[in-house]
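S.K.: Here is my input, please return the structure:
(chains A and B)
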2 protein chains.
Amino acid sequence: MIEYNQKVIRYYQEVSELCIHYLSIDGVIFGFHQNQLKVLLLRWKGTNEWSLPGGFIKKTESVDDAAQRIMQERTGLYALYLRQFHVFGQIERYNQEETWRKINLPIQGVQWSERTISMGYYALVEHSKVVPMPDLLTEECRWWSLDELPALLFDHNQIIDVALGSLRKQLSEQPLGHLLPEAFTIPELQRLHETILGHSLDSRNFYRKMMASTALERLAERRVGTPHKTPYLYRFKKEPDAEKGS
Amino acid sequence: MIEYNQKVIRYYQEVSELCIHYLSIDGVIFGFHQNQLKVLLLRWKGTNEWSLPGGFIKKTESVDDAAQRIMQERTGLYALYLRQFHVFGQIERYNQEETWRKINLPIQGVQWSERTISMGYYALVEHSKVVPMPDLLTEECRWWSLDELPALLFDHNQIIDVALGSLRKQLSEQPLGHLLPEAFTIPELQRLHETILGHSLDSRNFYRKMMASTALERLAERRVGTPHKTPYLYRFKKEPDAEKGS
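M.R.: As a prediction, the model looks like this:
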């Protein structure tokens, strides 16, 4: 336990020396699997308190590189397609004293700034294909359904709301190929869109929009084994800038 | 001149004490008038060097408030509808030494961080309705056509490119009412969209899209004085969240 405390102190001393004060990164990693959208949360060691994965930017690294490094260090996930979506810059984003009491880290005496401006990044993964791992500060990574989120530390419930709004608005610019089998039907693609958007779509409009898109190509073979019909299969074109959802 | 130098030094000393190091705000203020889109640039005192208006965030103010204050201090424009669009977080965004030599400010000895992460905000105004004013550091504010921009200080040409891309993508979420007369025809609205997008639009599709929008309402009177036709006039509804372009 003393050794653990020393590790935590060393971690925060390093952050204080090497990182930019006043600035942090929080990551909203959305996970899609079997037509369900979830979000990755971390449980802090020895508590029942959850938060997003987050961390600080080194003086010697770009903000985008910091986002990648932090997500890898805190969750084990790497090479994410991370996208900036908002800067949370209010003076008092949350009750600091209460928050730190809940986490109860042994970091008295470590110098840090009195407020933190957080830059939000989001990513979207097929969550059955990745295995998140907790880090020094946490003991569990878990995928939570968006409609069953607990009350999170910091202002992280609000950050998730804003991230979800951005993801939905930017759906047509998202690469979605990695969330589907290599060959898929238009109804399968529609269900993916519906899951992310949180509402159903008109099938004829969706079909028409997808046919007008240049991102998809129809394959020679059809899906077999479906009673009464053999729907066409599609895939995202390999060209750069393809793999977009619409 | 000595007095001016002292003022500049005092300004930067205050920034160094009161503001968050490593972080800045740059504003891309787009101006629309008579179907032309321009951008507001400042010429630095005693030089022929231009940049966007920018500044630093006080430890005691929110990032959005800082953006408003900075734009007001540096250009005289206030109550802008400013929107975050991107954080420029590369380690070496531009050649610092060269840039500072070009501006030639008398600020030797003022402590500042070795890099700056800039948060970009943009706004869109009717530029004939506002009168920008230079500040202590600059001697001229001028509206520049986007296709005639000079080589700017810092990485500000790139910041304008990214801002323009965001404005075009987010056109449907922009309030546009303040850029048009209170009552306008659909072709006038179309020309506004075309000016911002930088390309022409199909009139029938545009008309159909606007008729499907809930933001517009048709007025009882029509435009008179146009030979052979009297087109309908429209305005943006007053409801909250109206005044959107589509």
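S.K.: which residues does A:Pro219 contact?
M.R.: Check again: residue A:219 is Leu, not Pro. Counting by CB atoms under 8 Å, 6 or more residues apart in numbering or on different chains, A:Leu219 touches A:Ala183, A:Tyr232, A:Leu233, A:Tyr234, A:Arg235. (C-beta placed from N, C-alpha, C; glycine too.)
S.K.: can you check A:Leu192 too?
M.R.: Neighbouring residues of A:Leu192 by CB under 8 Å, 6+ apart: A:Phe32, A:Asn35, A:Leu176, A:Leu179, A:Leu180, A:Gly245.
S.K.: Now do the buried residues in the top helix by length along chain A.
M.R.: Ordering each helix of chain A by length in residues (DSSP state H) puts helix A:2-18 first. For helix A:2-18, a neighbour-count test (16 or more other CB atoms under 10 Å in any protein chain shown) marks A:Val8, A:Ile9, A:Tyr11, A:Tyr12, A:Val15 as buried.
S.K.: ditto for stretch A:204-218
M.R.: Quick answer for stretch A:204-218 (16+ other CB under 10 Å): A:Phe206, A:Lys209, A:Met210, A:Ala215, A:Leu216.
S.K.: same thing with stretch A:181-197?
M.R.: So stretch A:181-197, judged by 16+ other CB under 10 Å, has buried residues A:Phe184, A:Thr185, A:Ile186, A:Glu188, A:Leu189, A:Gln190, A:Arg191, A:Leu192, A:His193, A:Thr195, A:Ile196.
S.K.: what do you get for stretch A:134-153?
M.R.: By neighbour count on 16+ other CB under 10 Å, the buried set for stretch A:134-153 is A:Pro134, A:Asp135, A:Leu137, A:Thr138, A:Cys141, A:Trp143, A:Trp144, A:Leu149, A:Leu152, A:Leu153.
S.K.: Excluding chain neighbours, what is closest to A:Leu167?
M.R.: Distance criterion CB to CB, 6 or more residues apart in numbering or on different chains; nearest residue to A:Leu167, sequence neighbours excluded, is A:Tyr122 at 5.9 Å.
S.K.: That neighbour: neighbouring residues, count only.
M.R.: Look at A:Tyr122: counted by other CB atoms under 10 Å in any protein chain shown, it has 26 neighbours.
S.K.: Make sure it is indeed in a strand.
M.R.: Yes: assessed with DSSP: H, G, I helix; E, B strand; the rest coil, A:Tyr122 lies in a strand.
S.K.: Look up the residues forming beta bridges with it.
M.R.: A:Val28, A:Arg83 (DSSP bridges).
S.K.: check contacts around it.
M.R.: A:Tyr122 is in contact with A:Gly27, A:Val28, A:Ile29, A:Phe30, A:Leu82, A:Arg83, A:Phe85, A:Ala163, A:Ser166, A:Leu167, counting by CB under 8 Å, 6+ apart.
S.K.: So the fifth one is in contact with A:Leu124, correct?
M.R.: No: the pair A:Leu82 and A:Leu124 does not pass the contact test of CB atoms under 8 Å, sitting 9.9 Å apart.
S.K.: between the buried residues of stretch A:204-218, which is closest to B:Lys59?
M.R.: Nearest to B:Lys59 among the buried residues of stretch A:204-218: A:Ala215, at 45.8 Å, using CB to CB.
S.K.: ok, back up a step: among the contacts of A:Leu219, name the buried ones.
M.R.: The buried subset of those (16+ other CB under 10 Å) comprises A:Leu233, A:Tyr234, A:Arg235.
S.K.: so the last one bridges to which residues?
M.R.: Here A:Arg235 sits in beta bridges with A:Glu217, as judged by DSSP bridges.
S.K.: which ones are touching the spatially most central residue of chain A?
M.R.: Nearest to the mean C-alpha position of chain A, counting by CA atoms, centre = their mean, stands A:Ile29 at 1.2 Å. A:Ile29 sits next to A:Val39, A:Leu40, A:Pro53, A:Met71, A:Thr75, A:Leu77, A:Leu80, A:Tyr122, A:Ala123, A:Leu124, A:Val125 when contact means CB under 8 Å, 6+ apart.
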